[in-house]
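[1] 3D model of this:
(2 chains)
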Amino acid sequence: MIDLKQLRENPQAFSDRLRRRGADFDLDRILELDAQQRQLEQQRSQLQARSNEIGALVGKKIKSGVAATDPEIQALKAEANDLKQQLSDLEPQERQLKEELERLLLTIPNPPSETTPIGRDETENVEVRRWGEEYKPSQPCQPHWDIATQLGLWDVERSVKVAQSRFVTLLGMGAALERALIQFMLDTHRDRGYVEVLPPLLVNSASLTGTGQLPKFAEESFRCADDDLWLIPTAEVPVTNLYRDEILAADQLPIYHCAYTPCFRREAGSYGKDTRGLIRLHQFNKVELVKFVHPETSAAEHEALVADAEFILQALKLPYRVIELCTGDLGFGAMKCYDLEVWLPAAGCYREISSCSNFGDFQARRAKIRFKGAKQKGTQFVHTLNGSGLAVGRTMAAILENYQQPDGTVRVPAVLQPYLKCSHIGGAKS
RNA sequence: GGAGAGGUGGCAGAGUGGUUGAAUGCGCUUGACUCGAAAUCAAGUUUAGGGUAACACCUAACGGGGGUUCGAAUCCCCCCCUCUCCGCCA
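    Residues are numbered from 1 along each chain as shown, chains lettered A, B, ... in the order given. Below is the predicted model of the structure:
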C-alpha cells in the first residue's frame, strides 16, 4: 500500500514515479476522498468531544445528588441526543469514504525505486551479469520433458487423470531428485543464516491482501470458498504474514526465513504457453527466501538476497544470468526486482528460475508489520524482501538438460550426489 | 459434528453502567541511592487518526459488527476466533 501522507504532501512526484510503470492511476480521486474524509473526521470528533463532555457532566451532577429529573440535566440530555442525531448522520458518510479510499489504495501498485531502469515491458529489462558457460552441445539437445520420459522420471498422462493438465507426478529418481534439490537448497540457506519455516499451505484472505495478491489478483489463486481459505501461490504469503499486525523490536531485525512449500497457481490467461514439461504447472515446489529488514539496509539486503539465490545455481554449476526488471515489467508490489534466468540448452535460451524483489514498505504497510527502537517514539514499517531460492521444478529441468550425457543418462551435480547417493540417473550407473 | 469455557495493555490478571485508556503485579525505560551491582525509592512505559514549529490538545480502540443509554470494557443481539472434553481422523 502506498503512503497516503506522502501522496498528500507531494502528489506530483508520486504520480510521476508511478507513471513509470506505464499506466495511469487515479490518484486525484484518492486525494479528493482523503480530503473529504479528513474534513468529516474533524467535524465528527468535535461533536463527539462535546458529547463526551456532556456525558461526564451528567455523571458528575447525578453523583453529587442532583435529581435525574432536574431541568438542567434534562437540557443536557436533550443536547446530547441532538448531537447523537448529527453524529448518526456523519458516521456512515465517513465510513463510506474510508472504505472507498481503502479499496482504491489497495489497487495502487508500488512506485518503482529510483534505481529501477525505466522501460515499457520485458524487452527493456536490463541484463546485469552472466555466470557460467552456456552448454551448447554439438548434437541437438533433448528438451527436459523427453529426458524425463525416457528415464521414467515422471508420469504425465496419469497426472491428468488424477488431477488435470498442468499437474505432474514425479516417479522414482525423478521424485528423489526433486526431494534432494529441496533438501540441498534448504540446507544451504540454513547454513547462510536463514531460519527454516514450514508454514500453512492454506491462508486466509487477510494474508493474501497483506502481501498484495488480493484484491487485484484473485483469479490467479485457487480458493476454498467455503472456508475463506486459499492455496498459497508462493511461500511469500504465509511467511510474510507470520508477522502481520505485529510491532517488532528493532533489535529483532533483520529476520531471515527460508521455506520450502508447494505453490499453487491457476495460471489463468497462460493457455498455450509452456504446455510441456516442468516450466509452468498449477502445482510446483519452491524454496523461498523472505527477509524483514530495517529500511536503511534494504537495498544492500536485496543484493545479498540475490547473491544467496545465485549461490544455489553456482553450487549446481548451472549457467545463468541476472536481469533487472524495468519499471514496465515490475510486479505489483515490487519497487525493484532482479530475475535469475537459468540456461536451458534445448531451447537455447535463458528461463526465469528465481525472482528477487524488494517491496520496500509496501507489504509492511498492508500487513501492518512495524518495528520500534527501544527509546524511539513512534513505529516504522519494516521493509520486506523475498526471492525464490529456487523454483525446484525448473531447477530439475535445467539439470536434466545441462547434465545430460551422450549415452542418455544424466549426471548428478556433485553437490547433490551425497543426497541421491549416486552419480548418474538412468542406465546401469543409477 | 456435539457439549462447555473464554477472548481486556509486552505478559499475567482486576474491573459488571459514570471523568476507567483501563487497578495490581511482572517486564521494560529513565533518574536517585551505590565504587559498581542487587535491593529500594521516584517518574515514565499501547496504537491509530487529527492537530502543533515542537508541545499542548481532540477523537477512536477492552475479538468484530449492531443496539439500549446523557454515558458501555461493563447490559442486549448477531458474527468471528481460541481453549477444554466427547466423536471422527493422518
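
[2] is the residue of the stretch 51-200 of chain A found nearest RNA strand B in a helix, a strand, or coil?
    In the stretch 51-200 of chain A, the residue that lies nearest RNA strand B is A:G59 (2.6 Å; C-beta to the nearest atom of the strand). Where C-beta positions appear, they are placed from N, C-alpha and C, glycine not excepted. The three-state label given to A:G59 by DSSP: H, G, I helix; E, B strand; the rest coil is helix.

[3] look up how far A:A80 lies from it.
    To A:A80, A:G59 is 12 Å away according to C-beta to C-beta, to the nearest Å.

[4] those two: who's more crowded?
    A:A80 (18 against 10; other C-beta atoms under 10 Å).

[5] so for the residue of the stretch 51-200 of chain A closest to RNA strand B, what's the pLDDT?
    Here, the pLDDT recorded for A:G59 equals 89.

[6] can you classify the residue of the stretch 151-300 of chain A found nearest RNA strand B by secondary structure?
    Closest approach between the stretch 151-300 of chain A and RNA strand B, counting by C-beta to the nearest atom of the strand: A:I247, at 6.0 Å. When classified by three-state DSSP, A:I247 comes out as strand.

[7] could you list every residue that touches it?
    A:370-372, A:379 (C-beta atoms under 8 Å, 6 or more residues apart in numbering).

[8] and the residues you listed near RNA strand B, which?
    A:370, A:372, A:379 (C-beta under 7 Å from any atom of the strand).

[9] the closest residue to the last one other than its chain neighbours: what secondary structure?
    By that I understand A:T379. Leaving aside its sequence neighbours, A:T379 sits nearest to A:R370 (C-beta to C-beta, 6 or more residues apart in numbering; 4.0 Å). What three-state DSSP gives for A:R370 is strand.

[10] A:R370 - how many residues pack around it?
    Counted with other C-beta under 10 Å, the neighbours of A:R370 add up to 18.

[11] measure it to A:S15 for me?
    Distance from A:R370 to A:S15, by C-beta to C-beta: 26 Å.

[12] then A:K216?
    Separation of A:K216 from A:S15 (C-beta to C-beta) stands at 19 Å.

[13] try A:S165
    Distance, A:S165 to A:S15, by C-beta to C-beta: 43 Å.

[14] ok, the two, which is more surrounded?
    A:S15 (16 against 11).

[15] what residues of the helix or strand where the more buried one lies count as buried?
    Here A:S15, judged by DSSP states H and E, is contained in helix A:11-19. For helix A:11-19, the neighbour count (16 or more other C-beta atoms under 10 Å) marks A:14-15, A:17-19 as buried.

[16] ok, now stretch A:33-44?
    A:33-34, A:37, A:40, A:44.

[17] could you do stretch A:241-253 as well?
    Going by neighbour count (16+ other C-beta under 10 Å), the buried part of stretch A:241-253 is A:241-244, A:248, A:253.

[18] quick one: that stretch to chain centroid distance?
    17 Å (C-alpha atoms, centre = their mean, to the nearest Å).

[19] quick one: mean pLDDT over it.
    89.

[20] export that stretch as PDB, just CAs?
    Provided in PDB are the C-alpha atoms of stretch A:241-253 (Å, rounded to 0.1, in the frame of the first residue of the first chain):
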ATOM      1  CA  ASN A 241       2.200 -12.800   7.100                       C
ATOM      2  CA  LEU A 242       3.700 -14.500  10.100                       C
ATOM      3  CA  TYR A 243       4.400 -11.100  11.400                       C
ATOM      4  CA  ARG A 244       1.300  -9.400  10.300                       C
ATOM      5  CA  ASP A 245      -0.200  -6.800  12.800                       C
ATOM      6  CA  GLU A 246       3.000  -7.000  14.900                       C
ATOM      7  CA  ILE A 247       5.300  -4.400  16.200                       C
ATOM      8  CA  LEU A 248       8.800  -5.900  16.300                       C
ATOM      9  CA  ALA A 249      11.600  -4.700  18.500                       C
ATOM     10  CA  ALA A 250      14.300  -3.000  16.300                       C
ATOM     11  CA  ASP A 251      16.900  -5.400  17.500                       C
ATOM     12  CA  GLN A 252      14.900  -8.400  16.200                       C
ATOM     13  CA  LEU A 253      15.800  -7.200  12.700                       C
END
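
[21] the residue nearest to A:T379 pairs with what?
    A:I247, A:F381 (DSSP bridges).

[22] quick check, pLDDT for it.
    Note on A:R370: pLDDT of 91.

[23] flag every residue of chain A that's near RNA strand B.
    Taking C-beta under 7 Å from any atom of the strand as the criterion, chain A approaches RNA strand B at residues A:5, A:38, A:41-42, A:44-46, A:48-49, A:51-56, A:58-60, A:62-63, A:68, A:76-77, A:80-81, A:84, A:88, A:95, A:247, A:370, A:372, A:374-375, A:378-379.

[24] mind checking which of those residues are in helices?
    Among these, the ones falling in helices (DSSP state H) are A:5, A:38, A:41-42, A:44-46, A:48-49, A:51-56, A:58-60, A:62-63, A:76-77, A:80-81, A:84, A:88, A:95.

[25] ChimeraX command for the buried members of the residues you listed?
    Selecting only the buried entries of these in ChimeraX, with 16+ other C-beta under 10 Å as the criterion:
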select /A:44,51,54,58,76,80
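
[26] so what touches stretch A:26-33?
    Contact with stretch A:26-33 is made by A:4, A:7-8, A:11, A:14-15, A:18, A:97, A:100-101, A:104-105, A:108, as judged by C-beta under 8 Å, 6+ apart.

[27] need the contact list for the residue nearest to A:T379.
    Applying C-beta under 8 Å, 6+ apart, the residues near A:R370 are A:246-248, A:364, A:379-382.

[28] tabulate these in TSV, adding columns for distance to A:T116.
    Putting the contacts of A:R370 into TSV (distance: C-beta to C-beta, whole Å) gives the following:
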residue	distance to A:T116
A:E246	29
A:I247	30
A:L248	27
A:A364	19
A:T379	27
A:Q380	23
A:F381	20
A:V382	20
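
[29] I figured A:L214 hits A:N204, correct?
    No - taking contacts as C-beta atoms under 8 Å, A:L214 lies outside contact range of A:N204: 10.1 Å.
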